[in-house]
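> would you be able to build a 3D model of this:
(2 chains)
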Amino acid sequence: MNTHTRKLIKLNAREGLGVSIILVILFVFLSVSSEYFLTVENITNLLMHSVFVMLVAFGVMFVLSTGGIDLSVGSVLGLCGGVTGWLMMNGTNMWLAILAGLLLGTLIGAFNGMIITRLRISPFLATFAMLYIARGLLLLFTINEPIRNFATPEFAFLAQGYWLGIPMPVWIALAVFLICYFLFNSTSFGRFVVAVGSNQEAAHLSGISTNSIKIRVYALSGLLAASAGILLSSRLTAVQPLMGTSYELDAIAAAVIGGTSMFGGKGSVTGVAIGAIILALISNGLDLLAVNQFYRLIITGLIIIIAVGVERYTSTRAKTA
Amino acid sequence: MTVEEDQVLLSLSGITKRFPGVLALENVSLDVRKGEVLALVGENGAGKSTLIKILSGLYSKDSGEIRVRGKAVDINGTKEAQALGISTIFQEPSLAPHLSAVQNVYLGRELVKSVVGKAVRAMNEKEMYLETARLYQKFFPSVEDLHRPVGELDALKNRVIEIVKALSVDCSVVIMDEPTAALAEHEREVLFDFIRLLKAQGVSIIYVSHHLRELFLLADRITVMRDGKNVATVNKEDTNIDHLVSMMVGREISNHIVKEKVPLGKVVLEVSDLNRRGVLKDINFHVKQGEIVGIAGLAGSGRTETVRAVVGADPIHSGKVVVDGRPRRIRSPRDAIQAGIGLLPENRKLHGALIELTVSQNITVASIKRILGQRFVLKKRKETLIAEDYVKRLGIKTPHVNQKVRFLSGGNQQKVILAKWLFTQPKVLIFDEPTQGIDVGAKVEVYNLIAEFVRDGGAVLMVSSELPELMGLSDRIYVMHKGRFVCEFSREEATEENIMMYASGGHE
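Predicted coordinates for the structure are as follows:
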């Protein structure tokens, strides 16, 4: 192997280039096969569709990087969007309602973290239980009357408005991306997250409060799920009891496609963003090519296998080189 | 020397194995005779592991010839190796902890019997139990452990069950890779008796170990490997440790522990009345500036528990820790770091290194505040410079500081962990098995770094199972037995005999 390819592989192993390649291939393929794909409207539309999963996936990436998992995000998304809508429906000020929704998501996340660290219940089980609890609470909220007719024009602007010709959700996602990127790569919190995921015992002996880091990542995951939920309720201007169902799986898919390790110690904010865009790209492409959406699931599954397989291959190659 | 053809059980000639960029084995030839213990020694990376992986069917050779009882064979896969009578006991325990001894011994080749005609077949539990018990009784008279999950049994019994597993497939060659790694001193001797027992039955043993002293108790011949080559094979009688070491590293290392005289200062760390119910009882000790204090004891005597308790990694029920004359309340490793105490834990992979993180990230992780700028931003340039400085000072072999630690050798990982603790600017460093599983050359470098730390006014507390290392470095040695400090020796008083007597409870 010459030094040039070796350098390339090293880069690849470091910062999810593999996933970018998949993105480019899909992009080129769709540009060629559909004349409607490469239009400003379609690309904005596509990006906007990716935002909801992307926001949730950022949080899930932090959790996965500590070696945990958060299955409750889909339900938390629904519940927090629902609570914000319900409060506004009952006359609460929009900003207060949003704040309440975000706070609730954060608290549920922190509660997940407490259960995991204090009661030593595995993250899978703790957040799996919360998936039911949060969904059940949303069902209670919607039992008498559906949550709708709450969206004031200002609230609807959050997800339906445009600024400088670009949809608001894309701006919001960009802001959250920058904050998460900064948190993950440039702060001690981000460093401790991967340290805990890489080797919890060693991290603890190095003076890191591993429990506090874990509680914080679950809280962050809850906060981001809530923000996605509020944005989605602004987009739909109504909250169905099943809003956000299976978002946890899409979020995990986006994170994994973006090079996040399910065993902790490795994640990438950029990778997650690209992963979420790939998911939206598949969906959008199938629409344009008039293929049944059922294929979306199959293609997503295949892409997960390819992305992770390429990842594995390049990192073992980097090791023996 | 001439050896009868029929005495040679296994013969390798011209074995070569190449990995991308590395020639792991180059033209290695050796013979294993019937009923002998052939020791295989060499530094990490010398090719021992590659060689045994080829023999056990995990790797395939690029060229060369393997003959078993004079017949040329190909070994593709572990099943073929077993069929040829070659069994391997790897360094890492390879038993399934939740299964019983019987289930482990027959894992993957369970005996079956017909239940209803020939259509339905069930496992023949009785037959498997009887055969396991028959072999196990060669080593231990009592067979009541055979139905318990092996995870509940001690390390020695686990080793024996692995041996039984090897014997149950009618093997004629057993390869053992560091079989004493997890064993206490007296357990080692029991295992050696067992190995001699195997030998007496005509089984040949290829014994891989870093513990050169062990080899002289056990081996008939010793093969030294270096850089993928077979340097020499010598009879035990014709060699000694210094000779072996010089062949392993390719240069003379005479007396590889040099103790420097450092003037002792005031007491830096004082621990009194440390108790942890059922584990530690009334521990009292102190360490002075410039001093290296050793803790000796058998595995399970509470050495690791003591040092973990001191840094707050395990809970304690009572105890006072005074650092530099100031009482400190230490309830987590974080408090310990603030008080100026760092612990380099035993078992690097499990407790010490963050292998997914880079060299520089590992070095700064325990004192991240020192590279934190305003608004919680990490100063990455400063971090890189600091890491590069430590890499240079400690002689860490890495292409650059952004290399993941997983790609470093054991000795270099240990140096990265040491750099991490030096960067916390500690007053006391506690080393738990500092040279476990690293090769001779790297050991000497670690010793020198420890010496340098005390020369600069640091204090060191050290736990080690290797008595020569402990006695060579320490100014004083405490001996532990059953969770207590039972004795204290000055450097001059300490001998292997009196340490072992107290450590094994012989004083009682």
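> surely A:G68 touches A:S221?
No. Applying C-beta atoms under 8 Å, one finds A:G68 not in contact with A:S221, separated by 9.1 Å. C-beta here means a position set from N, CA and C on the backbone, and glycine is covered the same way.
> need the mean per-residue confidence for stretch B:297-309.
Per-region confidence: stretch B:297-309 scores 86 on mean pLDDT.
> what is the end-to-end distance of it?
17 Å (C-alpha to C-alpha, to the nearest Å).
> quick one on the thing from earlier: so between A:G68 and A:S221, which is more surrounded?
Between A:G68 and A:S221, counted using other C-beta atoms under 10 Å in any protein chain shown, A:S221 has the larger neighbour count: 35 against 24.
> indicate whether stretch B:36-49 makes contact with chain A.
No. Judged by C-beta under 8 Å from any C-beta of the partner chain, stretch B:36-49 stays clear of chain A, getting no closer than 14.0 Å.
> got the residues of the stretch 201-321 of chain A near chain B?
Counting by C-beta under 8 Å from any C-beta, the stretch 201-321 of chain A sits next to chain B at A:201-209, A:261, A:264-266, A:319-321.
> what's the PyMOL syntax to select whichever of the residues you listed are buried?
PyMOL command restricting these to the buried ones, with burial defined by 16 or more other C-beta atoms under 10 Å in any protein chain shown:
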select buried, chain A and resi 202+203+204+205+206+207+208+209+261+264+265+266+321
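> how much space separates B:A299 from chain A?
19 Å (C-beta to the nearest C-beta, to the nearest Å).
> name the nearest residue to that residue, ignoring sequence neighbours.
Nearest residue to B:A299, sequence neighbours excluded (C-beta to C-beta, 6 or more residues apart in numbering or on different chains): B:A184, at 3.8 Å.
> same thing with A:A151?
A:T237 (4.0 Å).
> got the contact list for the one you found?
A:R148, A:F150, A:A151, A:A156 (C-beta atoms under 8 Å, 6 or more residues apart in numbering or on different chains).
> before we move on, what about B:D335?
Contacts of B:D335 by C-beta under 8 Å, 6+ apart are B:G312, B:R328, B:R329.
> centre of the chain to the one helix or strand it maps to, how far?
B:D335 belongs to helix B:333-339 when assigned by DSSP states H and E. Per C-alpha atoms, centre = their mean, to the nearest Å, the displacement of helix B:333-339 from the mean C-alpha position of its chain is 28 Å.
> show the end-to-end separation of stretch B:285-295, please.
Start-to-end, stretch B:285-295 (C-alpha to C-alpha) is 10 Å.
> neighbouring contacts of it?
Residues contacting stretch B:285-295 (C-beta under 8 Å, 6+ apart): B:262-271, B:303, B:306-307, B:428, B:450, B:454-455, B:457-464, B:470-471, B:473-480, B:485.
> and if you look at stretch B:190-208?
B:9-10, B:32-41, B:48-49, B:52, B:55, B:138-139, B:156, B:159-160, B:163, B:167, B:171-180, B:183, B:214-215, B:217-219.
> and if you look at stretch A:44-51?
Outside stretch A:44-51, the residues that reach it (C-beta under 8 Å, 6+ apart) are A:166-167, A:169-170, A:172-173, A:228, A:231, A:276-277, A:279-281, A:283-284.
> and what of stretch A:140-147?
Under C-beta under 8 Å, 6+ apart, the answer for stretch A:140-147 is A:L79, A:G82, A:V83, A:G85, A:W86, A:M89, A:S233, A:A238, A:V239, A:Q240, A:P241.
> now, of these, which are buried?
So, by 16+ other C-beta under 10 Å, the buried ones in the contacts of stretch A:140-147 are A:L79, A:G82, A:V83, A:G85, A:W86, A:M89, A:S233, A:V239, A:Q240, A:P241.
> can you report how many residues lie near B:V190?
16.
> so it: helix, strand or coil?
helix (DSSP: H, G, I helix; E, B strand; the rest coil).
> ok, now which ones touch the residue nearest the centre of chain A?
Nearest to the mean C-alpha position of chain A, by C-alpha atoms, centre = their mean, lies A:A57 at 1.3 Å. The contact partners of A:A57, by C-beta under 8 Å, 6+ apart, come to A:D250, A:A251, A:I252, A:A254, A:A255, A:G258, A:V272, A:G275, A:A276.
> of all pairs in these, which one spans the longest distance?
A:D250 and A:G258 (12.4 Å; C-beta to C-beta).
> which one's more surrounded, the two?
More crowded of A:D250 and A:G258, by other C-beta under 10 Å: A:G258, with 28 against 23.
> leaving out sequence neighbours, find the closest residue to the more buried one.
A:G271 (2.9 Å).
> can you report how many residues lie near that neighbour?
Quick note: A:G271 (other C-beta under 10 Å) scores 27 neighbours.
> just how off-centre is the host helix or strand of it within its chain?
Assessed by DSSP H and E, A:G271 sits inside helix A:269-288. From the chain centre to the centre of helix A:269-288 is a distance of 12 Å (C-alpha atoms, centre = their mean).
> packing partners of the next helix-or-strand element following that helix?
Once the chain leaves helix A:269-288, the next helix or strand it forms, by DSSP H and E, is helix A:294-320. Applying 3 or more C-beta pairs under 8 Å, 6 or more residues apart in numbering or on different chains; DSSP states H and E, we find helix A:294-320 packed against helix A:3-14, helix A:17-33, helix A:247-257, helix A:269-288.
> in chain B, what residue sits furthest out from the centroid?
Extreme point of chain B relative to centroid (C-alpha atoms, centre = their mean) is B:G117; 51.5 Å.
> who touches that one in this structure?
For B:G117, counting by C-beta under 8 Å, 6+ apart, there are no contacting residues.
> so which of the contacts of stretch B:285-295 are in strands?
B:267-271, B:428, B:459-463, B:476-480, B:485 (DSSP state E).
> give me the neighbour count for B:T495.
12.
> now do A:L249
A:L249: 15 neighbours (other C-beta under 10 Å).
> can you check A:I252 too?
Other residues close to A:I252 by other C-beta under 10 Å number 24.
> remind me which residues of the chain are low pLDDT?
As the question left the chain open, I've gone with chain A. A:1-17, A:311, A:314-321 (pLDDT under 70).
> please go with chain B instead
In chain B, residues with pLDDT under 70: B:1-6, B:20-22, B:44-45, B:182, B:250-256, B:348-350, B:505-508.
> which residues of it lie near chain A?
B:19-21, B:311, B:313, B:332-334, B:336-337, B:343, B:345, B:350-357, B:361, B:365-366, B:368-369, B:372, B:376-378, B:380, B:406-407, B:420, B:424.
> pull out the buried members of these.
Judged by 16+ other C-beta under 10 Å, buried ones among these: B:311, B:313, B:332-334, B:336-337, B:343, B:345, B:351-357, B:361, B:365-366, B:368, B:372, B:378, B:406, B:420, B:424.
> that older thread, what subset of the contacts of B:D335 is buried?
The buried subset of those (16+ other C-beta under 10 Å) comprises B:G312, B:R328.
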